[in-house]
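Take a look and give me a structure for this.
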Amino acid sequence: MSHTKFHLGYFTKFGKPAWALDSQKSIGSDWPDGSYHIELAQKLEAAKLDFILFEDTTVVADKFGGSMELDLKHAIMAPKHDPLPLLPLMAHETSHIGLISTASTTFYQPFVLARLFSTLDSLTGGRVGWNIVTSSEVNAARNIGLDALPSHEERYASADEYVELLVKLWESWEEGALVADEETGVYVDHTKVHTVDHVGTYYSSRGPLNTLRSPQVRPFLSQAGASARGRNFAAKHAEMVVGLTAGGIDEMKELRSDIRARAASFGRNPDDIKVIYLANGLSFTGAGQQLDKATEEHLAAAAFDYTIAMAASTMDIDFAQYDLDGPMDQNMTAGGHTSALDMIKRAGAQGATLRQVFSAGNMGGGLDLTGTPEEIAEKMSAAMDEVGGDGFLFEGGDLSAYTEILTDELVPALQRRGVVRTEYGGKTLREELPRVLTRYPAPGPGEAGTFSASPVSVSMSASSRRRKSRRSGTAPVLKNATRYPSKRAITARACAAGSPKRSWTL
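Numbering: from 1, shown residues only. Model (predicted):
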């Protein structure tokens, strides 16, 4: 039987992985210098994943109860380093995997961000992507001197113009502007570099950029808006849209159909947009590691704190002011993530309390991704066959202790089914996630049809081995890939699955 072929990505942050949700606290202890994420990228590239996507925020969250305690205790939104400088370090130690980072249209001046991503695209050899957010944390605005955030609608209206301006800036250098002609002494042909002279409602910029035209010209564009306005924005600008599996197959289908229809309304080819689903709640089951009852209860309590503190910050709601165990207040309003609040309210209308929602993380009929690697591979393949979507994004916070199971068992199981790649073929991220280009020349022959199964081997570069040998206290990993956590043990870690904790889903 022929199956729908799809892509795989990995979602993470430049911070301590899964402190609150994992019993193995030492994993990723070397994250501050980038070593953990560099070696993670090497493992994921060896397994032939398409890309890594970094979320990012700029706050120490204190919305829940007016205190930073939960955030810092559980390492939820802080501490967190800026992922943009990490991308070229990861690129230097890998060769193919795409590197996508979140950056906010609300907090960067357009020219600054255009120049930054142009530089990153050159430093990574064309493997960089921009996950576009408008931001929803009020304290993030205050951090840069704003009294408040613009409204949800205005943030998106200005973001539309923002992206349009950035595209102009990225295109301000024509192909062939760099000539480096020793005979004539001309380095850059000035007739191929142009001002943009943009004057709009929200922004103005003379241009041009002073960076060279980068390998992709513009970075690969990703977005994860779930509201109607966010979907319009994604359908107009994005090359990849990230959705959730929390609503199950029906809602996954609805998202893909809706995005494609909106794209067509903007005159785009719907096939130009990849719809990737966040595979949160993925749980490996089977014989092996067991946790005692006290540890399970501790993890469950930490996971509740993690989820409600994250939701409070990203939705700008102090849930501490409501009765967590009584009937849910249907008059709650969100400053961001309005679609996530709607999902919570629907659960409340059916009798769920806030504590139940944030403890179970199940706001209605999510996609079941529990089982052995073979079982999960079959479920993922069946879901893509039915949805017709373009792939899954693994939630790194749920899987940091089980990277080897992911790369050495789950991905090979998918490869044996012929549904994911076994080799890379393109040179840039845009070529590795093939699409029909309407603004730039089409890439050369890519790798879209290469899905034949082959063994996966993981190796580290010599420089990475040297870094690892210099460090003490290296984080332990599961060497025996057949050791799965029991379903009971993973319940606490997975309790945030399907929750509105994703800080980039705006």
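
use CA for all of it now, contacts and neighbours both
OK.

Let's verify the closest residue to Val387 other than its chain neighbours: helix, strand, or coil?
Ranked by C-alpha to C-alpha, 6 or more residues apart in numbering and with sequence neighbours excluded, the top spatial neighbour of Val387 is Lys253, at 5.1 Å. Going by DSSP: H, G, I helix; E, B strand; the rest coil, the secondary structure assigned to Lys253 is helix.

Would you mind measuring from Asp258 to Asn269?
In this view, Asp258 and Asn269 are 13 Å apart by C-alpha to C-alpha, to the nearest Å.

Which strands or helices does the helix or strand containing Pro412 pack on?
Per DSSP states H and E, Pro412 falls inside helix 411-416. Packed against helix 411-416, as judged by 3 or more C-alpha pairs under 8 Å, 6 or more residues apart in numbering; DSSP states H and E, are the following elements: helix 373-387.

Run through who's touching the helix it packs on.
3-6, 249, 252-253, 256, 284, 368-370, 390-391, 405-406, 409-411, 413-414, 419 (C-alpha atoms under 8 Å, 6 or more residues apart in numbering).

And for the residue nearest to Val387, the neighbour number?
Counted by other C-alpha atoms under 10 Å, the residues lying close to Lys253 total 17.

Convert the helix holding Pro412 to CSV, retaining C-alpha atoms only.
Only the C-alpha atoms of helix 411-416 are listed here, as CSV (Å, rounded to 0.1, in the frame of the first residue of the first chain):
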residue,chain,number,x,y,z
VAL,A,411,12.4,7.3,12.6
PRO,A,412,13.8,4.0,11.1
ALA,A,413,10.3,2.5,11.6
LEU,A,414,8.9,5.4,9.5
GLN,A,415,11.6,5.0,7.0
ARG,A,416,10.8,1.3,6.6
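
Give me the distance from it to the chain's centre.
22 Å (C-alpha atoms, centre = their mean, to the nearest Å).

can you tell me the average pLDDT over that helix?
The pLDDT scores in helix 411-416 average 98.

So for the helix or strand containing Glu161, what gets flagged as buried?
Assigning secondary structure by DSSP H and E places Glu161 in helix 152-170. Buried residues in helix 152-170, defined by neighbour count with 16 or more other C-alpha atoms under 10 Å: 152, 155-156, 158-163, 165-166, 168-170.

Closest one to Ala303 out of the residues you listed, please.
Sorting the buried residues of helix 152-170 by distance to Ala303 puts His152 at the head of the list, at 28.7 Å, by C-alpha to C-alpha.

Contacts only, for the closest residue to Gly388 other than its chain neighbours.
The shortest distance from Gly388 to any non-neighbouring residue, by C-alpha to C-alpha, 6+ apart, is to Thr4 (6.9 Å). With contacts taken as C-alpha under 8 Å, 6+ apart, Thr4 has the following neighbours: 381, 384-385, 388, 419.

that's a helix at Thr4, yeah?
No. Thr4 sits outside any helix when classified using three-state DSSP, being coil.

While we're on it, how confident is the model there?
What the model reports as pLDDT for Thr4 is 92.

for Leu433, same thing?
According to the prediction, Leu433 has pLDDT 88.

Make sure Val188 is actually in contact with Ala180.
Yes. The pair Val188 and Ala180 passes the contact test of C-alpha atoms under 8 Å, sitting 6.5 Å apart.

Show me which of the two is the more surrounded one.
Higher neighbour count among Val188 and Ala180: Val188, with 16 against 12, using other C-alpha under 10 Å.

which one is that one nearest to, not counting chain neighbours?
In this structure, Val188 finds its nearest non-sequential neighbour in Leu178, 4.5 Å apart by C-alpha to C-alpha, 6+ apart.

In contact with that neighbour, which residues are there?
Going by C-alpha under 8 Å, 6+ apart, Leu178 touches 187-189, 212.

cutoff 7 Å now
187-189 (C-alpha atoms under 7 Å, 6 or more residues apart in numbering).

Filter those down to just the ones in strands.
Members of the contacts of Leu178 lying in strands (criterion: DSSP state E): 187-188.

In JSON lines, list the contacts of Leu178 along with pLDDT and distance to Leu116.
What follows is the contacts of Leu178, written out as JSON lines (pLDDT from 0 to 100; distance: C-alpha to C-alpha, whole Å):
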{"residue": "Tyr187", "pLDDT": "98", "distance to Leu116": "22"}
{"residue": "Val188", "pLDDT": "98", "distance to Leu116": "20"}
{"residue": "Asp189", "pLDDT": "98", "distance to Leu116": "23"}
